[in-house]
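In: Starting from these lines, generate the structure:
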Amino acid sequence: MNSGSVVWRMSGLRCIAWVCLMAMASTSWAEGTSEDAEDEGVSVAGIPVVTFNSDDGLGGGLLGAVFYNDGTLPYRYAATVLTFYTTKGVQAHELKLDAIDLLQLPLRVTSRVGFFHTISYNYCGLGNDVTCDVDDAKRAASIAQLSPLDDDYDAFVRTYHQTRFMRLWGLVDARYTLYAPLKLQAFAGARLFFHQPGALFGDDGSFLDLTRYPGSLLERHTTADSQTGLASVVQLGLMFDTRDNEPAPTRGFWVEASVRAATPFWGSKWTFAGANVTARSYVPLASDGSVVLAHRLVVDVMVGDMPVQEMVRVGGTWDYTAFGGLEAGRGIRIQRNIGRVKAMQQSELRVDVFEWALLGQNFKHTLVGFLDAASIGVDVTDWGGRPFKVNLAAGMGTRFAWNESFVLRADVGFSPDENYAPGIYLAMNNVF
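Out: Numbers count the residues shown, from 1 in each chain. Have a look, this model is predicted:
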């Protein structure tokens, strides 16, 4: 990734702006106070951001931040602004406010507002048995009386398994430390997501085309009204964390359990509920921590009525979608397998291969082999009387760590579901 030239001091270290900003944005720094922390003051920084993955394409944007420091690590208050675009029509714009030890309590409160837009995400149906087969799209085109000679044919086939949508959103998350030595925390949050099918610009260049792709599988399976509206979701949970280093742990556990619900009582168009249990473990296979076996096990269950873009979400302290894509199912197209029930297992073997120092900074290179597996059910009764199918993706990658607080990752994944076509992912931070 490219970086700006802004440099400032924080927590006794001189950090290049892009390292510190990314670490702040991922909240991967340990909370607490230190006698060595910087004196009170305000720091300002800004950087360009460049990413790439097979689902979103090449992306670029700008990230800026203002930090107020009074001795709390990594800061007392922070405000960050991100604007981001990709070559596949994804936009992500966000304002984030973060406060640590709010009201002199062991309380961290984060609030965010933003806008998300895509014209290239996937909808292949629900559950494990979807195919995303281009031949299905060609048959649908034939039923729609389109031939390969028609001008609209290629666009119809290309977008048959795709979805375009926009989302205005806002959320507030709070974490309260109940027992610091174990980092036992209670967390609570509320989010408002306004889901709107369509795109900022139509195929003819007109502003605001608020429709799904004409003739697409999503249009056949759903109504426009069922996918449009406000989801107001409240979440409560507990977690404990014994990791020795949050960005790149070599030992310990990170376990959380939570429940969430949406109801018209607090403004939601839809009524649904969900529960999530996520357990992460880090087992050193070498005494110096240079070889680590890492696991993430997720069970996420939802019941009720919800739009597709709520059904793909996973509850808990991390907001991501499954199954398929950058965070879960590397090598499988994003949102390929959609359902209310998600059972996922991710394993990584992380082997440090090279470490060096320069100008007082430590750098580490790690090789990773991974296996992502999941079974996705349309609902809790989906597997009754039917074979239990597991979707698999595997691959390898590398990690570049700077001072064990910033991690850049590159992964290549393959899956039989995608005929072993490679999925490529360049991103910040470990997957888990």
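
In: gap between the nearest residue to R76 once chain neighbours are set aside and Q185?
Out: In space, and not counting its chain neighbours, R76 is closest to D70: 4.8 Å by Cβ to Cβ, 6 or more residues apart in numbering. All C-beta spots, glycine's among them, are computed from the backbone N, C-alpha and C. Computed as Cβ to Cβ, to the nearest Å, the D70 to Q185 distance reads 22 Å.

In: cool, and L95?
Out: 25 Å.

In: try V66
Out: 26 Å.

In: Repeat that for S226.
Out: S226 sits 36 Å away from Q185, going by Cβ to Cβ.

In: The two: who's more crowded?
Out: Q185 (23 against 15; other Cβ atoms under 10 Å).

In: Help me confirm that R191 comes into contact with G114.
Out: No: in this structure, R191 is not within contact of G114 by Cβ atoms under 8 Å, at 10.8 Å.

In: okay, and the common contacts of the two?
Out: Taking Cβ atoms under 8 Å, 6 or more residues apart in numbering as the contact definition, R191 and G114 share the neighbouring residues 169-170.

In: More neighbours: which of those two?
Out: R191 (19 against 16).

In: ok, what's across the strand from that one?
Out: Taking DSSP bridges as the rule, R191 bridges to L171, V233.

In: re earlier: could you count how many residues lie near the residue nearest to R76?
Out: 14.

In: Y179 now?
Out: Y179: 10 neighbours (other Cβ under 10 Å).

In: just the one 10 residues further on next, same as before
Out: In terms of burial, G189 registers 22 neighbours under the definition other Cβ under 10 Å.

In: that's a strand at it, yeah?
Out: Yes: counting by DSSP: H, G, I helix; E, B strand; the rest coil, G189 falls inside a strand.

In: got a list of what V277 touches?
Out: 256-257, 298-300.

In: Buried only: go through these for me.
Out: 256-257, 298, 300 (16 or more other Cβ atoms under 10 Å).

In: Cross those residues against strands and list the overlap.
Out: 256-257, 298, 300 (DSSP state E).

In: returning to that earlier point: turn the buried ones among the contacts of V277 into CSV, columns for pLDDT.
Out: Output for the buried ones among the contacts of V277, formatted as CSV (pLDDT from 0 to 100):
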residue, pLDDT
E256, 98
A257, 98
V298, 98
D300, 97
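
In: and which of those is nearest to V233?
Out: D300 (13.5 Å; Cβ to Cβ).

In: ok, that closest one touching R260?
Out: No: applying Cβ under 8 Å, one finds D300 not in contact with R260, separated by 9.8 Å.

In: overlap in contacts of the two?
Out: Each of 274-276, 315 lies in contact with both D300 and R260 under the rule Cβ under 8 Å, 6+ apart.

In: Looking at those residues, which are in helices?
Out: Using DSSP state H to define helices, no part of these is located there.

In: And the buried ones among those, selectable in PyMOL?
Out: Buried residues among the shared contacts of D300 and R260 (16+ other Cβ under 10 Å), as a PyMOL selection:
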select buried, resi 274+275+276+315
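
In: from the shared contacts of D300 and R260, which is closest to S54?
Out: Nearest to S54 out of the shared contacts of D300 and R260 is G315 (Cβ to Cβ; 25.7 Å).

In: mind listing what's buried in the helix or strand Q345 falls within?
Out: Using DSSP states H and E, Q345 falls within strand 341-358. For strand 341-358, the neighbour count (16+ other Cβ under 10 Å) marks 341-348, 350, 352 as buried.

In: Also stretch 262-279?
Out: Result for stretch 262-279 [16+ other Cβ under 10 Å]: buried residues 262, 268-270, 272, 274-278.

In: Format those as JSON lines; extra columns: pLDDT.
Out: Converted to JSON lines, these look like this (pLDDT from 0 to 100):
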{"residue": "A262", "pLDDT": "98"}
{"residue": "S268", "pLDDT": "98"}
{"residue": "K269", "pLDDT": "98"}
{"residue": "W270", "pLDDT": "98"}
{"residue": "F272", "pLDDT": "98"}
{"residue": "G274", "pLDDT": "97"}
{"residue": "A275", "pLDDT": "98"}
{"residue": "N276", "pLDDT": "98"}
{"residue": "V277", "pLDDT": "98"}
{"residue": "T278", "pLDDT": "98"}
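
In: What residues does S281 make contact with?
Out: Applying Cβ under 8 Å, 6+ apart to S281 gives the contacts 252-253, 294-295.

In: Kindly confirm my reading that it is in a helix.
Out: No: per three-state DSSP, S281 lies outside any helix segment and is strand.

In: ok, now how distant is it from P249?
Out: Where P249 is concerned, S281 sits at a distance of 9 Å (Cβ to Cβ).

In: next one: I119
Out: I119 is 37 Å from P249, by Cβ to Cβ.
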